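Student: Predicted model, plus sequence, below.
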Amino acid sequence: MRGLAGKIGRILHSMLQNKSSDSAGMTEILSVKSLLEKNLFIPDYQRPYKWSVKNVSDLLGDIDNAISESEKYNDFKYRIGSIILNKKDNCDGFGIVDGQQRILTLILLCLYLDKSFSCQLLETNFNNKISQFNLNNNYRFIKDWFALKSEDYKYKVKDALEKILEVVVICVNNESVAFQLFDSQNNRGRALDPHDLLKAYHLREMKNYPYDMQYVVKKWEAFKTSEIKELFELYLFPILQWAKLNKSYSFSDKDIDAYKGITENSSYSYAKRISKAMPNYQITESFIAGSDFFGLVEHYFKLLDDVNNEIKNNFYEIYEFIDSVPKYSKGFLYAKNLFFCSVLCYYDRFKNFDERVIKKLFSWAFMLRVDMSRLGFDSINKYAIGETGYSNTIPMFSRITGARLHNEIADMQIKVLRKDDRAKDEQWNFLYEKIKEMNGINKGAPNE
């Protein structure tokens, strides 16, 4: 694997040149038009065409941005991905090892722009039902996407396919090497984490500010990768989802649009308001793409430190209690994280640590642990958005982000007493009594 990684590194390095070769084959940078003019075919082992409308929309957006950039800079080129081909000695054509989805989508685009467009791949019989559905659906989407575009714009896209848009084509003679290269880029190698993809995206948005790029990269690299991952996975993404009354889940590369922000020259009304607000962040609000993303990460690391220090130093009773529970209790750790998420969400909006609020958020979060004999993340999700079945049905994150004054949170009524005046599981009775004590309810108080 180490030798293969070195080979990939050499290939990537060679992409800086227009054409290169190594023991694996040849690497070229071709225009989309030149690529589609090749005698390409789809090997039998390839999966169906599965690109969704979202994938097509992203590609068209990239093309649109490339055209805009080309009008600013002479000889501008934009690379829209890499393609791995396999050229067998006994075959005239080039088998597509990696890049089938992108190539077929580009063909749909070419067909829309020019009904007389022809290429070898159009001779392919797509018998798979999934491929048939997605090809038809995506063609309709392309047609709708261009519906309000001018004829002049369509000519610009056709011109871009020949003169602006490029692909890196790695042509390998040995099929086993082709598969190894494919696997290393897609499966066996370490997949890029969502925050890595976001870093790359926002650095691209800063391409006109090289010195600022160096500055933010230096600051970014001061954080541990695991810490950045945890920031999004445990705090920012769940809070964003719960505030919108959506259930949360593991933050993945499919969710990065939530943190792409908006371009600095956007004409949207809300974008102009956000532009004036930067660098003042809110978890549930967007931001300006580029350097402000790196500022956002730094900002919320600081806010988390503020929250942790405040709980530790000024709410020692809560801190000591939380810290005393065995770390192996997974359900308790879920409740603990829910509590810290709610405090972060509140502090993010109001920038204070009102004592009544902190105690109520503690009571709200940990009453879920009292209510359940077994506490999993599914219950955390339901509870966070206010679903029924628990002592409290408050969509806390939505309530916080919708509050005008912090007193609206401080004055909330958290239900503490249970009908049988004990925890669902007796091992959590000590937690139940602690919550009652914190809310001024004496032990053995009459039931509600």
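Tutor: Perfect, I can see it now.
Student: tell me the contacts of Met372?
Tutor: Residues in contact with Met372, defined by Cβ atoms under 8 Å, 6 or more residues apart in numbering, are Gly331, Ser379, Lys424, Asp425. In this view, the C-beta of every residue, glycine as well, is placed from N, C-alpha and C.
Student: Asp425 and Asp371 touch, don't they?
Tutor: No: Asp425 lies out of contact with Asp371 (Cβ atoms under 8 Å); the separation is 9.7 Å.
Student: quick one: the residue nearest to Leu36 when sequence neighbours are not counted and Asn39, what's the gap?
Tutor: Nearest residue to Leu36 in three dimensions, chain neighbours excluded: Cys119, at 4.9 Å (Cβ to Cβ, 6 or more residues apart in numbering). As for Cys119, its distance to Asn39 is 9 Å (criterion: Cβ to Cβ, to the nearest Å).
Student: Quick check: the residue positioned nearest the centre of the chain vs Glu264, distance?
Tutor: Against the mean C-alpha coordinate of the chain, by Cα atoms, centre = their mean, the closest residue is Ile256 at 2.0 Å. Noted for Ile256: a distance of 19 Å to Glu264, by Cβ to Cβ.
Student: Would you mind measuring the gap between the ends of stretch 207-227?
Tutor: Start-to-end span of stretch 207-227 (Cα to Cα, to the nearest Å) is 26 Å.
Student: What's the mean pLDDT across that stretch?
Tutor: Averaged across stretch 207-227, pLDDT comes to 86.
Student: Quick one: residues contacting Leu36.
Tutor: Ile103, Leu106, Ile107, Cys110, Cys119, Leu121.
Student: Please convert these to JSON lines, extending it with distance to Asp58, neighbour count and secondary structure.
Tutor: Below are those laid out as JSON lines (distance: Cβ to Cβ, whole Å; neighbours: other Cβ atoms under 10 Å; DSSP: H, G, I helix; E, B strand; the rest coil):
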{"residue": "Ile103", "distance to Asp58": "16", "neighbour count": "23", "secondary structure": "helix"}
{"residue": "Leu106", "distance to Asp58": "13", "neighbour count": "24", "secondary structure": "helix"}
{"residue": "Ile107", "distance to Asp58": "17", "neighbour count": "20", "secondary structure": "helix"}
{"residue": "Cys110", "distance to Asp58": "18", "neighbour count": "20", "secondary structure": "helix"}
{"residue": "Cys119", "distance to Asp58": "23", "neighbour count": "18", "secondary structure": "coil"}
{"residue": "Leu121", "distance to Asp58": "22", "neighbour count": "19", "secondary structure": "helix"}
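Student: Export the residues you listed as a markdown table, with columns for distance to Lys33.
Tutor: Listed next are those as a markdown table, based on distance: Cβ to Cβ, whole Å:
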| residue | distance to Lys33 |
| --- | --- |
| Ile103 | 12 |
| Leu106 | 10 |
| Ile107 | 12 |
| Cys110 | 8 |
| Cys119 | 10 |
| Leu121 | 14 |
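Student: Pull the number of nearby residues for Ile385.
Tutor: 21 (other Cβ atoms under 10 Å).
Student: In this structure, where is pLDDT below threshold?
Tutor: Along the chain, segments meeting pLDDT under 70 span 1-25, 45, 88-91, 174-192, 326-328, 443-448.
Student: Please enumerate the strands of it.
Tutor: Remark: strands assigned in the chain by DSSP state E are 19-22, 25-31, 40-41, 78-86, 94-98, 165-172.
Student: so what strands line up beside the third one?
Tutor: So the one you mean is strand 40-41. Strand pairing for strand 40-41, using DSSP bridges, gives strand 94-98 (parallel).
Student: tilt between the strand it pairs with and strand 78-86?
Tutor: 120 degrees (axes from the mean of the first three to the mean of the last three Cα atoms, to 10 degrees).
Student: Extract the CA atoms of strand 94-98 and return them as PDB.
Tutor: The C-alpha coordinates for strand 94-98 follow below in PDB (Å, rounded to 0.1, in the frame of the first residue of the first chain):
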ATOM      1  CA  PHE A  94     -11.000   2.800 -23.400                       C
ATOM      2  CA  GLY A  95     -12.900   1.200 -20.600                       C
ATOM      3  CA  ILE A  96     -14.100   3.600 -17.900                       C
ATOM      4  CA  VAL A  97     -12.800   2.400 -14.500                       C
ATOM      5  CA  ASP A  98     -13.700   5.600 -12.600                       C
END
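Student: Any figure for the gap between Thr124 and Ile103?
Tutor: 11 Å.
Student: my bad, Leu111
Tutor: From Leu111 to Ile103 the distance is 13 Å (Cβ to Cβ).
Student: give me the number of residues near Phe350?
Tutor: Phe350, neighbours per other Cβ under 10 Å, totals 18.
Student: Nothing else from me, thank you.
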